[in-house]
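A.B. asks: below are the sequence and a predicted model; questions follow.
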Protein chains: 2
Amino acid sequence: MIGVPARPPLDWESMKFAFLPKPWDQPVAELEAAGHTHVALEDNPDLLLFRGGPEHFPERLPESVKVVQVCYAGVEALVEAGTLAAHDVRWANAAGLYDDTVAESTLALLLAVLHRHKAVSREWNNLELFTSTRYLFDSTRLALIGAGGIGATLISYLAPFGVEVTAVNRSGRPVEGAARTLAMSDPEFPALWGEADVFVLLAPLTEETRHIVGADALAQMRSNAVVINVGRGPLVDTEALADALEEGRIAGAGLDVTEPEPLPADHRLWDLDTCVITPHTANIPRYMKARIGGLALENWELFAAGERMRTEVEVERGY
Amino acid sequence: MIGVPARPPLDWESMKFAFLPKPWDQPVAELEAAGHTHVALEDNPDLLLFRGGPEHFPERLPESVKVVQVCYAGVEALVEAGTLAAHDVRWANAAGLYDDTVAESTLALLLAVLHRHKAVSREWNNLELFTSTRYLFDSTRLALIGAGGIGATLISYLAPFGVEVTAVNRSGRPVEGAARTLAMSDPEFPALWGEADVFVLLAPLTEETRHIVGADALAQMRSNAVVINVGRGPLVDTEALADALEEGRIAGAGLDVTEPEPLPADHRLWDLDTCVITPHTANIPRYMKARIGGLALENWELFAAGERMRTEVEVERGY
């Protein structure tokens, strides 16, 4: 790129922002209402809002750009493509903007699996249901693998049911509302696969967490175990899960994300009445559109004040 | 019946009980462990546990029987058949024994309807879902028609979602956790049909509540309204509900009870993806078997102490 313009004077209260690859009207209007100006990338924006994949990211950014606000939480595709490392800017993701949508979707999936909704087809007197319906309130031990903001909201939704939560996170720092918290590196962690009734997967996707629910973990699970994946598809080894469900080695699964995604229309998981699937709808664009403008403004003000942004991405760590 | 035996001396700590039409092992064992004796009806029981319909009830009871403990909550079939009026005994029902099972099933149905689970068939990218999925946490106004023990438990489950509950009961006595409580006779009650987003039906079946959700109420409902019936099938006019759903005048329904029941296999409600049906599984026998023994013991002790039983039925009122 030739002729990159000189860095403009910083005017925090009235900055310029671009929105790629295709802006959403609602956050643009919000930022403009706050006194900022929507411009093209060529017109030296201070802030870039970005909602595409690595292939949509500009090869070079104008020097004017100081912050990229990504409109989703999981930036691993940008990390893998080298996008984060290639640009000398600070990055923010959208973590926290769908704590409530994903937590509520998790509970909906979990209850649908426990209450055998998918087994109800056209038969009224399905006696099997009476024996296999399970209740969340009835002494459920739930392992929350990945316990950030979504997990905290989920814990609040689970509290009235008296669910006993074991939270698993990277640090082992106690999670509020959990009966105990384990670090993923804790020697006690592997025993959890044989202890919990429900596993909720909310971890970011890293080399440590890829296929964390695979043949090994599944082989240790109790026959009443239920796996809910609302994190990232590759947290689960899809074929190993399908085997365990088909053979009745575990009781059920609820999946909002899969590997591959979309799940092929002829995949055997669709036919299993112990497997409830929602097509990556736990986080829906409507709420992101309504909330990303406010987060971008908050992050911009923190950046301008010389502080760490609320959802700043640690580039080395990748989330 | 000839030769009804004389009333035996009351021995509260060691009474005799019968269990008709067919005893459950678990409560029988519990009552025997408490020092009581399981006998046939002919052997002058003090207490009768009863879990059948009116057609199973003995034509005459030995004079020894003082209390009939019914193993379900809704005794209207016994009222209609004249069974309650025909016998000079005190009656207890099983209200409260499935507050948690029914409340949890209600939330499961409600979330399945709001999150459009039934619309997910084999298509991954179901864009309609993104526009029509609704979230409980998002400013839901819920009308709870019939607010006893199940309602109280449901309110506790709804609390973390910030749902605004309007409780409707016979007395108008404020229900804990509800933003407001209306008596069914309150002149403000009819306006509720046009105000709430979700209607949960938990009322007992009386002449006042039969078809309370009929063509009139449905015509007043908002287009996003959802009806959940976990009370009694005839609270809803089934065909009026099916019309409203088919014509898209309301958003959805979740039914654990229907009129008629079972719902015929060829009924149009089964085919509507806005209607989630569970075959009367909100209250499952497993929990009733585990809990009725304890309730019968508690009621017997209250009766013996000359007190009102915890779940005593007011024969005139019918519940």
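C.D. replies: Nice, I can see it.

A.B. asks: ok, the closest residue to residue A:175 other than its chain neighbours to chain B distance?
C.D. replies: Distances taken as Cβ to Cβ, 6 or more residues apart in numbering or on different chains put residue A:167 closest to residue A:175, at 3.8 Å, once the chain neighbours are dropped. Using the backbone N, CA and C atoms, a C-beta is placed for each residue, glycine as well. According to Cβ to the nearest Cβ, to the nearest Å, residue A:167 and chain B sit 17 Å apart.

A.B. asks: which residues does residue A:167 contact?
C.D. replies: A:144, A:147, A:151, A:155, A:174, A:175, A:178, A:180, A:181, A:182 (Cβ atoms under 8 Å, 6 or more residues apart in numbering or on different chains).

A.B. asks: let's see that with 7 Å instead.
C.D. replies: Taking Cβ atoms under 7 Å, 6 or more residues apart in numbering or on different chains, we find residue A:167 in contact with A:144, A:147, A:151, A:175, A:178, A:181.

A.B. asks: now, the most widely separated pair of these?
C.D. replies: Maximum pairwise distance among those (Cβ to Cβ): 10.4 Å, between A:151 and A:181.

A.B. asks: list residues touching both of those two?
C.D. replies: A:167, A:175.

A.B. asks: okay, the two: which has more neighbours?
C.D. replies: Neighbours were counted for residue A:151 and for residue A:181 using other Cβ atoms under 10 Å in any protein chain shown; residue A:151 has more, 26 against 19.

A.B. asks: just give the nearest non-adjacent residue to whichever residue of the stretch 101-250 of chain A sits closest to chain B, would you?
C.D. replies: Relative to chain B, the nearest point of the stretch 101-250 of chain A is residue A:124 (3.2 Å; Cβ to the nearest Cβ). Once flanking residues are discounted, residue A:124 sits nearest to residue B:262: 3.2 Å by Cβ to Cβ, 6+ apart.

A.B. asks: and for the one you found, the neighbour number?
C.D. replies: Neighbours of residue B:262 (other Cβ under 10 Å): 13.

A.B. asks: test my guess that it contacts residue A:120.
C.D. replies: No. Using Cβ atoms under 7 Å, residue B:262 makes no contact with residue A:120, being 11.8 Å away.

A.B. asks: ok but residue A:206 is inside a strand, no?
C.D. replies: No. Assigned with DSSP: H, G, I helix; E, B strand; the rest coil, residue A:206 falls outside any strand and is coil.

A.B. asks: distance check, it against residue A:217.
C.D. replies: Distance, residue A:206 to residue A:217, by Cβ to Cβ, to the nearest Å: 16 Å.

A.B. asks: looking at those two, which is more packed in?
C.D. replies: residue A:217 (23 against 17).

A.B. asks: so that one sits in a helix?
C.D. replies: Yes. The assignment for residue A:217 is a helix, going by three-state DSSP.

A.B. asks: which element, helix or strand, includes the spatially most central residue of chain A?
C.D. replies: Nearest residue to the geometric centre of chain A (Cα atoms, centre = their mean): residue A:231, 4.6 Å. Assigned by DSSP states H and E, residue A:231 belongs to neither a helix nor a strand.

A.B. asks: isn't it right up against residue A:201?
C.D. replies: Yes. Contact status for residue A:231 versus residue A:201: in contact at 4.6 Å, counting by Cβ under 7 Å.

A.B. asks: what do these two both touch?
C.D. replies: residue A:146.

A.B. asks: list phi and psi for residue A:264.
C.D. replies: The phi/psi pair for residue A:264 (degrees, to the nearest 10) reads phi -60, psi 150.

A.B. asks: same question, residue A:288
C.D. replies: phi -60, psi -40.

A.B. asks: so what's it up against?
C.D. replies: So residue A:288 contacts A:71, A:94, A:97, A:98 (Cβ under 7 Å, 6+ apart).

A.B. asks: give the contact list for residue A:67.
C.D. replies: Taking Cβ under 7 Å, 6+ apart, one finds A:47, A:89, A:90, A:92, A:299, A:300, A:303 in contact with residue A:67.
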